[in-house]
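Visitor: coords below, sequence missing:
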Ligand code: DQA
């Protein structure tokens, strides 16, 4: 069987503004710096990371539609859409790939409305509140799933 190592890293609404957002929750890392870090971690694990970010929900949905045959696993941080976008949930289900949900901040310890995730049960794991290091956890978890 061919190697399954292609990981799609999806970021949703407002994540491109990292570095400008509240450092108390999101730290000071810029979005570009986060992507560089993830690229390095992925390479160390023998994975290939491909990135997509959008502030448009329909684009996020359409990107999920197009992943068939192009990715082996998904790591996604949909931002605020996590808490209410049933459209993204349906598209993630349709993508039918192992997925890990990541949040930089500890969403369960913040406002009530952030505690709900409409994608959580579709994901093999949710990593929350670990800052950028959460993506290393996510990559490690998805690798374990793909290697199993
Ligand atoms: C976030 C948490 C969400 O509640 C928030 O809307 C974001 C970022 C996180 O990474 O902690 O935009 O997904």
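Guide: Noted; the coordinates are in hand. This is a predicted model, so every value here is computed, not measured. Numbers count the residues shown, from 1 in each chain.

Visitor: in this structure, which ranges drop under the pLDDT threshold?
Guide: 1 (pLDDT under 70).

Visitor: What backbone torsions are found at residue 75?
Guide: Phi and psi for residue 75, reported as degrees, to the nearest 10, are phi -120, psi 120.

Visitor: quick one: contacts for it?
Guide: Contact analysis of residue 75 by Cβ atoms under 8 Å, 6 or more residues apart in numbering lists 7-10, 99-100, 102, 135, 138-139, 142. For every residue, glycine as well, the C-beta is placed using N, CA and C.

Visitor: Name the residues that touch the host helix or strand of residue 92?
Guide: Per DSSP states H and E: residue 92 is located in helix 86-95. Residues from elsewhere that reach helix 86-95, judged by Cβ under 8 Å, 6+ apart: 12, 57-58, 60-61, 64-65, 67-68, 74, 76, 78, 81, 99, 118-119, 122.

Visitor: which bits of this structure sit near the ligand?
Guide: 14, 77, 79-80, 82, 103-105, 107, 114 (Cβ under 6 Å from any ligand atom).

Visitor: now those in CSV, with secondary structure?
Guide: Shown next, in CSV, are the residues of the chain next to the ligand (DSSP: H, G, I helix; E, B strand; the rest coil):
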residue, secondary structure
14, coil
77, strand
79, strand
80, helix
82, helix
103, strand
104, coil
105, coil
107, helix
114, helix
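
Visitor: From those residues, keep the buried residues only.
Guide: 14, 77, 79, 82, 103-105, 107, 114 (16 or more other Cβ atoms under 10 Å).

Visitor: So which residues of the protein form strands?
Guide: 6-13, 48-53, 73-79, 99-103, 125-128 (DSSP state E).
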